[in-house]
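Visitor: build the 3D model from these lines:
(chains A and B)
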Amino acid sequence: MPVAATGNPQVMMHLINTHKLFLLLPVFLPGMLFAAEVVRSADAETGLHKWHLVEGNLEVELVQRLPDQTRGFFMARGLPAAIADEIAVSCIFQTIVRNTGSRADGGTVGVDLAQWRVIHEAGEQGVRLKEPWLASWPETAVSEASRLAFQWALFPTRQEFLADDYNWGMTAFGLPPGAVFDLDLVWQEDGKAQTVRIGAIECAPDVERLQ
Amino acid sequence: MAAFPRLLLCGLLLLVTGSLPQAGQSLTPVPGAIPAPDFVLPDTEGRLHRLSDYRGKTVIINFWTTWCPPCREEIPSMNRAWQQLRQEDVVMLAINMGEDEETIFVFTADYPAEFPLLLDRDGAVIARWPVKGLPTTYIVAPDGSIAYRAIGGRAWDDVDILDTLRALQKQR
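Guide: Next up is the predicted model:
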């Protein structure tokens, strides 16, 4: 059971914020449980949480983004308010992926967001990918510049990383603010599919709920 | 319990380093001598740059935006590298994706860049290069082929990277 789920959330938040407590969360392989290096921490100033995972040559960090943060980012780049709001409340995380392997290994890490699964109390779903989102907007409603900003701000749907390669981008998990979910994170390492489950990831709450 | 010291070490490392990305020091060779897609773009001072005009020189082509954290992070090291390489027939072109001169002008007050900052306002150039995320950098050899790439930021003034760039220039 996730450590974070065993105690009083307010006490846990206090410990995290005051002592930078790092938590070991369970990570699953199909049919097997083992303790991978998933570290959950919180920023002392913003209260925003992040989940950090190292497994094989893959390093992933998921950092909460406040809905207001995301809304402001896209409105500043010309997206209509209604669309910016729809994105903002879709459980956006800043996602960072890196290949930690060495040049001598020559190993590749491949990520395909279409293979990631989001498991929550109402069921299971995929990540919201940018391609169908872009295609859903009427041409006249969103300028080319705004489309470009959206396209490049979101994490690529598919990308391969060699040693030292990394990328940042927003990932939309398609859940409301404050929702909790498990993530089956799938990647290819040297062509072999790997899966870990990160438990109890929390979408950033609305700003007023942070108080 | 054996995992705890490792976890603690990982946590302490995060506290010290702040966040995940650390600029790597390596460039990935691109096999096959693929010709670099040519382009003509203006820089922030209105000068036109045509990639094919730089034939005979090593060209560093960096795709970036002002709002991309690792792009911002690597610009100071790019500037330091440029100060060392500019006299050695190595060219550095940073292609901004989708932003205007004013945005970049404001940005360079905090992140000075002496190398040319090119404007790809409609994303037409970046669409012709195999770029998935920002920043991405390609190194074009003096013969016009793509020699190396780097996905994510790098410490561009690192000795190994500078040596790689100088060696490529000497091959012409």
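Visitor: ok, the residue of chain A found nearest chain B - contacts?
Guide: Nearest to chain B in chain A, going by C-beta to the nearest C-beta, is A:Asp164, at a distance of 2.8 Å. Using the backbone N, CA and C atoms, a C-beta is placed for each residue, glycine as well. Shown in contact with A:Asp164 (C-beta atoms under 8 Å, 6 or more residues apart in numbering or on different chains): A:Asn99, A:Arg103, B:Gly24, B:Gln25, B:Ser26, B:Thr28, B:Ala150, B:Gly152, B:Arg154.
Visitor: low-scoring stretches of chain A, by residue?
Guide: A:1-36, A:208-211 (pLDDT under 70).
Visitor: now do chain B
Guide: B:1-24, B:172.
Visitor: the same query, at a cut-off of 50, please.
Guide: B:1-18, B:20 (pLDDT under 50).
Visitor: how much space between the spatially most central residue of it and B:Val30?
Guide: Centroid-nearest residue in chain B: B:Asn62, 3.4 Å away (criterion: C-alpha atoms, centre = their mean). For B:Asn62, the distance to B:Val30 (C-beta to C-beta, to the nearest Å) stands at 15 Å.
Visitor: next one: A:Lys50
Guide: From A:Lys50 to B:Val30 the distance is 33 Å (C-beta to C-beta).
Visitor: pretty sure B:Arg149 is in contact with B:Ile34, am I right?
Guide: No. Contact criterion C-beta atoms under 8 Å: B:Arg149 and B:Ile34 do not qualify, at 10.3 Å.
Visitor: and the helices in the chain, which stretches?
Guide: Since no chain was named, I'll use chain A. A:9-19, A:67-75, A:81-88, A:130-136, A:144-153 (DSSP state H).
Visitor: I was after chain B.
Guide: Under DSSP H, chain B gives helices at B:3-17, B:69-85, B:101-110, B:159-170.
Visitor: now tabulate these in CSV and tack on mean neighbour count and distance to A:Val38.
Guide: Below are those laid out as CSV (neighbours: other C-beta atoms under 10 Å in any protein chain shown; distance: least, C-beta to C-beta, whole Å):
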stretch, mean neighbour count, distance to A:Val38
helix B:3-17, 12, 10
helix B:69-85, 19, 23
helix B:101-110, 13, 35
helix B:159-170, 15, 32
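Visitor: and the ones you listed: which comes nearest A:Thr195?
Guide: Nearest to A:Thr195 among those is helix B:3-17 (20.2 Å), distances taken as C-beta to C-beta.
Visitor: returning to what we had before: phi, psi for the residue of chain A closest to chain B please.
Guide: Phi and psi for A:Asp164, reported as degrees, to the nearest 10, are phi 80, psi -10.
Visitor: that one and A:Phe155: what is the separation?
Guide: In terms of C-beta to C-beta, A:Asp164 sits 18 Å off from A:Phe155.
Visitor: please apply the same query to B:Cys71.
Guide: 15 Å.
Visitor: B:Pro42 too?
Guide: On the measure of C-beta to C-beta, B:Pro42 and A:Phe155 end up 30 Å apart.
Visitor: got it, and B:Pro116?
Guide: 29 Å.
Visitor: then A:Asn99?
Guide: Taking C-beta to C-beta, one finds A:Asn99 at 15 Å from A:Phe155.
Visitor: these two: which is more packed in?
Guide: A:Asn99 (27 against 23; other C-beta atoms under 10 Å in any protein chain shown).
Visitor: partner residues bridging the more buried one?
Guide: Applying DSSP bridges to A:Asn99 yields these beta-bridge partners: A:Leu58.
Visitor: can you pull the contacts of it?
Guide: A:Asn57, A:Leu58, A:Glu59, A:Gly107, A:Thr108, A:Val109, A:Phe161, A:Leu162, A:Ala163, A:Asp164, A:Asp165, A:Tyr166.
Visitor: sounds good, over and out.
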